[in-house]
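[1] Need a 3D model of the sequence below.
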Amino acid sequence: MFAGYRFTIALEEARRGLDQQQADLNSLRDRAGNLFQFGALSAGFIGAVALRGDADITRWTRGGMWAFAALAVLLVYVLWPRTFTFTNDARPILDHTDWDRPSDEIAEHLARHLENHNQRNQKRLNRMMTGYTAGMFALMAEVGCLLFDVMGR
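    Next comes the predicted model:
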């Protein structure tokens, strides 16, 4: 009895997986925006203290500026628009599905198709997450350099 439902369950899980990926993408983009805001604020506040008056630009100042530039480039990479597939277009399903087949075979075909979307999306998400992680390190380098600059004055 359970064998007839296995592909329906697989289809539901494939749909849930895509929903989770969409939520992960939105969360990653939100966090990237917040990370950039934090980097800009720290560059503004700590950088202003480091460069107050007619202070010279030190290697720490340059390091902080380069780290902020790296942060900006990495987060632009993360936030750059990409094409993800979270749903199936109904037209190909209606046009190319053999509706005479048993429903569990149709569910199996759709589940496999959604899994292909899931795998392609996950590769893109992983690359974006790597960019975000590198951005966090760039932020730490920025803040560290600027703090060393302020402490050395």
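
[2] Least confident secondary structure element in the chain?
    helix 90-96 (a mean of 71; mean pLDDT, DSSP states H and E).

[3] which intervals of the protein have sub-threshold pLDDT?
    Within the chain, the stretches with pLDDT under 70 are 1-4, 94, 96.

[4] picking up where we left off before, and the helix or strand just after the least confident helix or strand of the chain, what does it pack against?
    Sequence-wise, the next helix or strand downstream of helix 90-96 (DSSP states H and E) is helix 103-151. Counting contacts by 3 or more Cβ pairs under 8 Å, 6 or more residues apart in numbering; DSSP states H and E, helix 103-151 packs against helix 6-50, helix 59-79. The C-beta positions use only the backbone N, C-alpha and C, and glycine is treated the same way.

[5] And the closest residue to Thr61 other than its chain neighbours, how far from Asn118?
    Nearest residue to Thr61, sequence neighbours excluded (Cβ to Cβ, 6 or more residues apart in numbering): Asp149, at 5.1 Å. Distance of Asp149 to Asn118, computed by Cβ to Cβ, to the nearest Å: 46 Å.
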